[in-house]
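> My questions are about this predicted structure, shown below with the sequence.
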Amino acid sequence: MNKLRTILTWGLLLAATHVMGYTITVNPIEIEAGQSTNLIINLNNTETNLTAYQMKIFLPTGVTVQKKANGKYAYTSNADRLDPDLFTVTVKDAADGSVLIAVFSPDKDVIAGTSGELIRLPIDVASTVTTSLQGSLKEIEFTDVNNQAYNISDVNFTMTMPGSGTPDPGVVTGDVTVSVPDVAITAGSSTNLIINMQTDLTNLTAYQMKLYLPTGVTVQKKANGKYAYTSNADRLDPDLFTVTVKDAADGSVLIAVFSPDKDVIAGTSGELIRLPIDVASTVTTSLQGSLKEIEFTDVNNQAYNISDVNFTLSIGGTVKEEQTLSLASLPEMTEGDAAYSLPEQTEEGLALTWSIEDATIASINGYQLTPLKAGTTTVTATQAGNSNYLPFTKTFTLTVNESQTPPSIEVTDISQLDNVIYIEPTEARCGEEKVLSIKMKNNVPIQTIKFDLYLPEGVSVVRKNNKLITPSMERIDEYDTFKITSLSNGSIRLLALAAIENEDGTITNISAGDGEICQITIKPSDDMEEGDYPIVFKETQLVERNNTLHSPEPNIVQTKLTVFSYILGDANSDGNVDAIDFNMIANKVLGYDQSNFNIRAADINGDGEVDAIDFNMIANKILYDSFSGKQ
């Protein structure tokens, strides 16, 4: 039986490539489809000081480099040229679908000899390969002992099939034109670098290129470290194309754009992409930039390589100076510390603006930095610059340490204490006001009261009659000495002289007992999470008329604020107050058990019971849109 044989001949499309005295060649190969052989890469070099090289192998469809059981590529280095104990060889997948080869000597040992095999890779050819195909070596670079880089031009090779005719060259030029308008920019400023493309082809689906910018010119990066760019939506639908702009190993910026579904680039001319660029203030002369390794691909995976494009950046205008700030770092702070004064100006006398990444850790009011809670965040100083000075930005790390305070007394312990300020455990709904009763339990008459009240983050104080705290007529009256202030650490401090002068001239203090001395109205934010939060009293001081001081020990009293977010009257928790809730509350009053019944939402008047009053209020809400009935 005759055996059908498919012979594959590998040849050089370019016999050799010469740059700086180096020649790269690929040995011709003859192989049957469905079989394996070696791809051998040779190097002829006049110098003997090469210590490293790298290149990418682009193989045609159906041809692959063999992998071992561990998933790593199989390869053989020529021991006569690369001592395996002296050189490290890496063969791995590259992001662009090629196979990357990287070889270097940690001790800068040189590649032996001046000619011969450099490396070989076992390759497999699929049995389905029946036509001539193209392959290539690209991004070829050698490095010598002085870290001098030598870039070698691409080497293209062809897989030929007997009787298949002349192979498709695979690389076409002249159908696509890429251009970059020259850029006029002032040193120390920013502008856009615009890349245009004109073509008579309407089936292009992807492109890639490398942008080489001169020293002092950079593509802007965002806060996440990624490059900033804008694709022309008229040519590239952002929902259809993936755009990658990233650093390349050779110091360039790689731009790669493709459509996963092979959608085509719209139109035949116009802007393709733009990149925001910055020019350093130290740049004083016009500079050259370039686009290299430009390649477009069509729906048939046909590649179109474009010649390098050079452009000019013309620098003009006044060279601006940089601004400086002598502050090297921020001091570590502790919860409860006094505010730290930030610098108001740069050393050049321009006003600074300060911002903070996490305003829950510390607050900035003008130039006052106040610690709020333990944690680490970033503080940034910015200055917009002017006609003489460049914009200025400097970031600092702020660390706020936890206050080393003694354990607090829970409000459940109040019955066992005397001479203490406290609030009973309470509940409040998100977005609604709640009046809290501040109480004092004292076993001796008290003349002067002082305490610091700390409310949870997300809970604000609602002023009543322009007051943060309102005195209660039950145990204390309001006098000129009833003082309240907001402290820089976020707490509220009250200081009151509670003595009452009688008609006969005698003085009466607050008698011993337990009851309300004042009220405060709070409001949890609309988006505050449900849960239990602490309300804390610190630095409590109760003073008798004879100047005897009384304070709880330890001097921290804490109670629980439970925050919930249900809608009043929404008994089934579906987000609406409607006939369903009316029916559920009626059934509850009648004594029927119900699933998914929110008893707190159904207790409209907040008396702890769901009864006829709540039934009446839900009826008013549905009929008149008010729990209190028709207005």
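In hand now; what should we look at? Residues are numbered from 1 along each chain as shown.
> And the strands in the stretch 51-200 of the chain?
Along the stretch 51-200 of the chain, counting by DSSP state E, counting those that start in this stretch, strands occupy 63-65, 76-77, 88-93, 99-104, 117-125, 133-144, 149-152, 155-160, 176-179, 183-186, 190-199.
> Can you list the strands that the following helix or strand past the last one pairs with?
I take that to be strand 190-199. Using DSSP states H and E, the helix or strand that follows strand 190-199 in sequence is strand 204-212. Note on strand 204-212: by DSSP bridges, its sheet partners are strand 253-258 (antiparallel), strand 287-298 (antiparallel).
> got a markdown table for those, with mean neighbour count too?
For every residue, glycine as well, the C-beta is placed using N, CA and C. Formatted as a markdown table, the strands paired with strand 204-212 follow (neighbours: other C-beta atoms under 10 Å):
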| stretch | mean neighbour count |
| --- | --- |
| strand 253-258 | 20 |
| strand 287-298 | 18 |
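> Which among those strands is found nearest to Asn546?
Proximity to Asn546 (C-beta to C-beta) singles out strand 253-258 among the strands paired with strand 204-212, at 79.0 Å.
> can I get the CA coordinates of that closest one in CSV?
Written as CSV, here are the backbone C-alpha positions of strand 253-258 (Å, rounded to 0.1, in the frame of the first residue of the first chain):
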residue,chain,number,x,y,z
VAL,A,253,4.8,51.6,25.1
LEU,A,254,3.0,48.7,23.5
ILE,A,255,-0.5,49.4,22.0
ALA,A,256,-2.5,46.3,21.1
VAL,A,257,-6.1,46.4,19.9
PHE,A,258,-8.3,43.5,18.8
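> what's the offset of that strand from the middle of its chain?
Between the centre of strand 253-258 and the centre of its chain there are 22 Å (C-alpha atoms, centre = their mean, to the nearest Å).
> Let me know the angle separating the following helix or strand past it from strand 253-258.
Using DSSP H and E, the helix or strand that follows strand 253-258 towards the C-terminus is strand 269-279. Using axes from the mean of the first three to the mean of the last three C-alpha atoms, to 10 degrees, the direction of strand 269-279 lies 150 degrees away from that of strand 253-258.
> Can you spell out which helices and strands pack onto strand 269-279?
strand 183-186, strand 190-199, strand 217-219, strand 230-231, strand 253-258 (3 or more C-beta pairs under 8 Å, 6 or more residues apart in numbering; DSSP states H and E).
> Show me which residues of that strand are buried.
Residues of strand 269-279 classed as buried: Glu271, Leu272, Ile273, Arg274, Leu275, Pro276, Ile277, Asp278, Val279 (neighbour count, 16 or more other C-beta atoms under 10 Å).
> related to what we said a few turns ago, and the strands of the stretch 51-200 of the chain, which one is worst for confidence?
Of all those, the minimum mean pLDDT falls on strand 155-160 (a mean of 74).
> Just say which of the strands of the stretch 51-200 of the chain is most tucked in.
Ranked by mean neighbour count, the strands of the stretch 51-200 of the chain are led by strand 155-160 with a mean of 22 (mean count of other C-beta atoms under 10 Å).
> For the protein, just list every one of the helices.
579-590, 599-602, 612-624 (DSSP state H).
> Identify, out of those, the most deeply packed stretch.
helix 599-602 comes out most buried of the helices of the chain by mean count of other C-beta under 10 Å, with a mean of 19.
> pLDDT averaged over that helix, what's the number?
The average pLDDT for helix 599-602 rounds to 85.
> picking that back up, would you mind reformatting the helices and strands packed on strand 269-279 (as TSV) and adding columns for distance to Ile449 while you're at it?
Converted to TSV, those look like this (distance: least, C-beta to C-beta, whole Å):
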stretch	distance to Ile449
strand 183-186	64
strand 190-199	59
strand 217-219	62
strand 230-231	63
strand 253-258	67
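> of those, which approaches Asn156 most closely?
Smallest distance to Asn156 across those (C-beta to C-beta): 20.8 Å, for strand 253-258.
> In terms of distance to Pro524, which of the buried residues of strand 269-279 ranks first?
Pro276 (42.5 Å).
> could the buried residues of strand 269-279 be laid out in JSON lines, adding pLDDT?
Below are the buried residues of strand 269-279 laid out as JSON lines (pLDDT from 0 to 100):
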{"residue": "Glu271", "pLDDT": "88"}
{"residue": "Leu272", "pLDDT": "91"}
{"residue": "Ile273", "pLDDT": "93"}
{"residue": "Arg274", "pLDDT": "91"}
{"residue": "Leu275", "pLDDT": "91"}
{"residue": "Pro276", "pLDDT": "91"}
{"residue": "Ile277", "pLDDT": "90"}
{"residue": "Asp278", "pLDDT": "87"}
{"residue": "Val279", "pLDDT": "85"}
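> Which pair of those residues spans the longest distance?
Among the buried residues of strand 269-279, Leu272 and Val279 lie farthest apart (C-beta to C-beta), at 22.1 Å.
> In contact with the closest residue to Val155 other than its chain neighbours, which residues are there?
Leaving aside its sequence neighbours, Val155 sits nearest to Leu137 (C-beta to C-beta, 6 or more residues apart in numbering; 4.3 Å). Counting by C-beta atoms under 8 Å, 6 or more residues apart in numbering, Leu137 makes contact with Ile24, Val26, Ile41, Met55, Lys56, Ile57, Phe58, Asp154, Val155, Asn156, Phe157.
> where does Leu137 sit relative to Leu369, distance-wise?
58 Å (C-beta to C-beta, to the nearest Å).
> where are the low-confidence patches of the stretch 451-600 of the chain?
474, 477-480, 500-502, 505-507, 554 (pLDDT under 70).
> Would you mind measuring from the residue located most distally from the centre of the chain to Leu121?
The outermost residue of the chain relative to its centre, with distances by C-alpha atoms, centre = their mean, is Asp504 at 70.9 Å. Asp504 sits 110 Å away from Leu121, taking C-beta to C-beta as the criterion.
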